[in-house]
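In: Mind looking at a prediction? Sequence and model below.
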Amino acid sequence: MMNLFKLALLNLGRHRRRSALSALALAISLTLLLFMAAFFKGEMRSAMEDTLRLGSGHLRVSASNYEPEKLSVSWEYLIENPQELSAQIASLEQVKFATPRLAASGIVTIGNDSTGVQILGVDPASEANEPYQLVSGTFPAADDRSGVVIGYPLAESFGLQVGSQINLLVNTAEGSVDEQPFIVRGIFTTGSSTYDKGIVLLPLDKAQAFSGATNRASFIFVMLHDREQSEAVAAAITGAAYKVETWQKMNELLVLINDFSNAYIMFLNLLILGVTVTVIVNTMLMAVFERTREIGILSALGMKGRQIIALFLAEAALLALGGVAVGLLAGSALSLYFGEVGIYFGDIGVSGMIMGDRIYTYLTLEDTVNLTITAFIVTLLASYYPARIASRMEPVEALRAEK
């Protein structure tokens with residue numbers, strides 16, 4: 001066996017440029033495969049995490065007739081005594097935290113300029129606010145009656161900073177419109193410009209008083225230690241007046257896009273592997289026809305067909321080993337680099353999901369192993385056809401071939 005690989009190495013060395021180009025083609029192929037897997041995995045992972053942390057949570061508990069699209073604070077759509085309910089939910093061992101939130105439609109006005117926003121009343125002390133990373137300033141205290149926190153894109157578009165005054169208009173529970181002045185206490189970023197420019201955070205108590213919701217909330221935002229436990233926890237939350245929705249139910253579009261992306265990346269993988277197979281087959285066929293006389297001599301000396309096949313497969317294995325090693329290093333390095341710095345896409349607005357301005361690649365061990373082994377095996381399979389042609393050559397006819 002060792003002699004076979006030594007002979008294969010010598011044969012590859014006789015045509016170094018062609019061998020190097022073939023190995024390079026395989027290396028580029030594996031690099032692309034690994035990077036694409038990391039890109040799509042990172043894209044969907046980020047979209048899922050951002051949507052869950054900023055939007056739906058793992059569970060949402062609301063009034064049975066609550067419709068989140070309306071952003072209505074009419075009492076019939078709200079949960080009464082939300083702090084009591086959230087405390088009961090938080091006591092479940094699977095629950096990381098549960099916090100009440102009040103969502104209302106509003107308008108920010110500064111002078112003659114205005115823009116529509118979602119006013120979100122939150123508990124300033126809750127862990128749920130962690131994704132709102134403050135660029136400057138602080139979160140207002142729970143008893144602050146004039147402080148708000150706004151997103152960085154909103155602050156930038158209106159030239160606002162900590163201490164600036166804005167006017168907020170809100171649709172109240174009675175169906176009227178109320179307007180009050182507020183002071184910007186802090187400016188946050190979540191990494192998603194689309195989301196940040198449309199959210200204004202208020203302490204829950206102030207949001208309830210401002211909108212006329214009193215001691216009510218739109219929903220209980222729930223995060224679990226393990227999101228796969230969402231169905232079990234939802235079943236444990238009882239009450240005819242409540243509607244409990246899981247993250248899968250609330251994000252059906254995102255789950256569908258995730259499934260579609262898996263099919264799409266499989267198609268791209270097949271396309272890249274198809275190009276690689278073509279290069280490998282052409283390389284090995286050229287080697288076979290250039291070495292027709294040599295194959296005839298080997299056959300005349302008693303080398304059997306299966307031994308000739310083994311020789312060409314050994315050459316292919318060495319090519320694959322070199323190409324896979326380079327591709328594995330390059331693909332992993334590229335994925336790790338962009339996993340740290342990200343790829344900037346800017347303001348990406350996709351209905352039904354929240355996406356950050358940057359996509360961070362995420363290469364899993366499973367993808368790395370599967371793609372590396374696949375590239376190696378595909379190279380061997382692609383080499384079998386030329387090797388089979390070489391093994392079927394008649395020694396006499398092969399010896400007659402021109403040098």
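Out: Sure thing, it's come through.

In: so who does the closest residue in space to residue 26 that isn't next to it in sequence touch?
Out: With CB to CB, 6 or more residues apart in numbering as the criterion, residue 26 has its nearest non-adjacent residue at 2.9 Å, and that residue is residue 323. Any C-beta I mention is one placed from the backbone N, CA and C, and that applies to glycine too. Contacts were defined as CB atoms under 8 Å, 6 or more residues apart in numbering; by that measure residue 323 touches 22, 23, 24, 25, 26, 27, 29, 30, 375, 379.

In: cool, residue 135 as well?
Out: So, once contact is read as CB under 8 Å, 6+ apart, residue 135 ends up touching 152, 187, 188, 189.

In: secondary structure class for the residue nearest to it when sequence neighbours are not counted?
Out: Closest residue to residue 135 apart from its sequence neighbours, by CB to CB, 6+ apart: residue 187 at 4.8 Å. With DSSP: H, G, I helix; E, B strand; the rest coil as the basis, residue 187 sits in strand.

In: Quick check, pLDDT for the residue nearest to residue 128 when sequence neighbours are not counted.
Out: What sits nearest to residue 128 in space, not counting adjacent residues and going by CB to CB, 6+ apart, is residue 99, at 4.8 Å. pLDDT for residue 99: 96.

In: Doesn't residue 99 belong to a strand?
Out: Yes - under three-state DSSP, residue 99 sits within a strand.

In: now the helices for the stretch 251-400 of the chain?
Out: 252-290, 292-300, 305-341, 365-391, 395-400 (DSSP state H, counting those that start in this stretch).

In: Can you lay out these as TSV showing mean pLDDT?
Out: Below are those laid out as TSV (pLDDT from 0 to 100):
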stretch	mean pLDDT
helix 252-290	80
helix 292-300	64
helix 305-341	87
helix 365-391	85
helix 395-400	51
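
In: Quick check: residue 175 touching residue 74?
Out: Yes - with contacts counted by CB atoms under 8 Å, residue 175 reaches residue 74, the gap being 7.4 Å.

In: Pick out whichever of those two has more residues nearby.
Out: Neighbours per residue (other CB atoms under 10 Å) separate residue 175 from residue 74, with residue 74 holding more: 16 against 10.

In: any idea how far residue 37 is from the more buried one?
Out: 48 Å (CB to CB, to the nearest Å).

In: The residue nearest to residue 128: what's it in contact with?
Out: For residue 99, the contact set (CB under 8 Å, 6+ apart) comprises 86, 122, 123, 126, 127, 128, 220, 221.

In: With secondary structure added, can I get those residues in TSV?
Out: TSV is the format used below for the contacts of residue 99 (three-state DSSP):
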residue	secondary structure
86	helix
122	strand
123	coil
126	coil
127	helix
128	helix
220	strand
221	strand
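
In: I'd like these written out as JSON lines, with pLDDT, distance to residue 137 and neighbour count added.
Out: Listed next are these as JSON lines, based on pLDDT from 0 to 100; distance: CB to CB, whole Å; neighbours: other CB atoms under 10 Å:
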{"residue": "86", "pLDDT": "94", "distance to residue 137": "27", "neighbour count": "25"}
{"residue": "122", "pLDDT": "96", "distance to residue 137": "16", "neighbour count": "23"}
{"residue": "123", "pLDDT": "95", "distance to residue 137": "18", "neighbour count": "21"}
{"residue": "126", "pLDDT": "94", "distance to residue 137": "18", "neighbour count": "16"}
{"residue": "127", "pLDDT": "93", "distance to residue 137": "20", "neighbour count": "11"}
{"residue": "128", "pLDDT": "94", "distance to residue 137": "19", "neighbour count": "21"}
{"residue": "220", "pLDDT": "96", "distance to residue 137": "27", "neighbour count": "26"}
{"residue": "221", "pLDDT": "96", "distance to residue 137": "23", "neighbour count": "26"}
